[in-house]
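Student: predicted structure and sequence below. I'll ask about it afterward.
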2 protein chains.
Amino acid sequence: VSAADAPRLAADSDLGPVGQLLHDFNREFGEPTPLPDVLAARLRELTRSDDTVVLVAGSGPDAVAVLRLREAIWTTSLEAYLAELYVIPTRRGMGIGRALMVAVMNEAKRRGASTMDIGVDEPDAAARALYESLGFTNRSRVDGPLMYVYEREL
Amino acid sequence: VSAADAPRLAADSDLGPVGQLLHDFNREFGEPTPLPDVLAARLRELTRSDDTVVLVAGSGPDAVAVLRLREAIWTTSLEAYLAELYVIPTRRGMGIGRALMVAVMNEAKRRGASTMDIGVDEPDAAARALYESLGFTNRSRVDGPLMYVYEREL
């Protein structure tokens, strides 16, 4: 990717545009979404704590990743979770998402995480191919069983 | 379930036996595991913060659930994650796991969570049937696509 597309930690001034990106993300997939300003304000709150890290790439920025971190149970390290990854439609297929993912993994590791999880829908072929090419698997061991996300509202 | 099996928040004095339960859980599934005392000490650390809640049932206790909570991104509520659920082999099929799950869901809701996630391996038929009977689904909408957990070590 070009220098302008190199991933970086989001500055406070990125969070307005990032709220717009996350809004557009949900609209693209037909999901209900808070307004961009509401999302930006929420990210401003969350990024005050160490449990939420936002990375961006491109001059818009054109791509965003939101990483969550928390203490693990089985080890004394952190466990990382990729909450969001979005690249605007006109910038896809240029390696920006991959570069952002590599940066996210490095940042998670630098902060003390030893594992990273992602929830992915079955038909999201591009996302699954990207994650698989980066060493992620949806099987709990090699040739082992598939791992599902179960979910409900409370 | 009987009164002795009624789920309750774990007291500090439960965490020693709970460390043993989590250790036995991993041993039963052939996974490497820290020693019981190490797990108990870790849970003592984690439960000092609001992000980790341990519930138990039975006099041993004979069952344990570990709930994680964190701020959500898309709403101002919390999102809950069921990190662990274990019932000792001799007490299975008696409704203890179900009662514990109901207690976990109520506790998560009481603390402000609006959603709850669980990661489940495909062949864990008993766990999947339990979660499905409680309204959890591994599809992102009715008749929608399956949701996978992708994971890697960092």
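Tutor: The structure has been received and is ready for your questions.

Student: so which elements touch the helix or strand where A:G97 lies?
Tutor: Counting by DSSP states H and E, the element that carries A:G97 is helix A:96-110. Helix A:96-110 sits against strand A:52-57, strand A:63-71, strand A:78-87, strand A:113-121, helix A:125-133, with contacts defined as 3 or more CB pairs under 8 Å, 6 or more residues apart in numbering or on different chains; DSSP states H and E. Every C-beta, even on glycine, is put in place using the N, C-alpha and C of the backbone.

Student: so is stretch A:68-76 next to chain B?
Tutor: Yes. Judged by CB under 8 Å from any CB of the partner chain, stretch A:68-76 comes into contact with chain B through A:68, A:70-71, A:73-76.

Student: and the helix holding A:G97, how far out from the chain middle?
Tutor: 9 Å (CA atoms, centre = their mean, to the nearest Å).

Student: okay, angle between it and helix A:125-133 too, please.
Tutor: Interaxial angle of helix A:96-110 relative to helix A:125-133 (axes from the mean of the first three to the mean of the last three CA atoms, to 10 degrees): 40 degrees.

Student: quick revisit: redo the helices and strands packed on helix A:96-110 as JSON lines? Include mean neighbour count, distance to A:E45 and mean pLDDT.
Tutor: Converted to JSON lines, the helices and strands packed on helix A:96-110 look like this (neighbours: other CB atoms under 10 Å in any protein chain shown; distance: least, CB to CB, whole Å; pLDDT from 0 to 100):
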{"stretch": "strand A:52-57", "mean neighbour count": "22", "distance to A:E45": "9", "mean pLDDT": "98"}
{"stretch": "strand A:63-71", "mean neighbour count": "23", "distance to A:E45": "13", "mean pLDDT": "98"}
{"stretch": "strand A:78-87", "mean neighbour count": "22", "distance to A:E45": "15", "mean pLDDT": "98"}
{"stretch": "strand A:113-121", "mean neighbour count": "20", "distance to A:E45": "22", "mean pLDDT": "98"}
{"stretch": "helix A:125-133", "mean neighbour count": "14", "distance to A:E45": "27", "mean pLDDT": "96"}
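
Student: mean confidence for the helix holding A:G97?
Tutor: Averaging pLDDT along helix A:96-110 yields 98.

Student: next, the buried residues of that helix.
Tutor: For helix A:96-110, burial by neighbour count (16 or more other CB atoms under 10 Å in any protein chain shown) applies to A:96-97, A:99-101, A:103-105, A:107-109.

Student: A:D50 against A:A108, yeah?
Tutor: No. Using CB atoms under 8 Å, A:D50 is not in contact with A:A108, being 11.8 Å away.

Student: can you list residues touching both of the two?
Tutor: Residues touching both A:D50 and A:A108 (CB atoms under 8 Å, 6 or more residues apart in numbering or on different chains): A:L69.

Student: okay, how far is it across stretch A:111-125, tip to tip?
Tutor: End-to-end distance for stretch A:111-125: 29 Å, by CA to CA, to the nearest Å.

Student: how about that stretch, does it reach chain B?
Tutor: Yes. Contact between stretch A:111-125 and chain B, assessed by CB under 8 Å from any CB, occurs at A:113-123.

Student: ok, now which ones touch the residue nearest to A:E84 when sequence neighbours are not counted?
Tutor: The spatial neighbour of A:E84 that comes closest, neighbours along the chain excluded (CB to CB, 6 or more residues apart in numbering or on different chains), is A:V66 at 4.1 Å. Listed by CB under 8 Å, 6+ apart, the contact set of A:V66 reads A:22, A:43, A:52-54, A:82-85, B:73.

Student: with distance to A:G144 as extra columns, can I get those residues in TSV?
Tutor: Shown next, in TSV, are these (distance: CB to CB, whole Å):
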residue	distance to A:G144
A:L22	33
A:L43	36
A:T52	31
A:V53	30
A:V54	33
A:L82	21
A:A83	25
A:E84	27
A:L85	25
B:I73	30
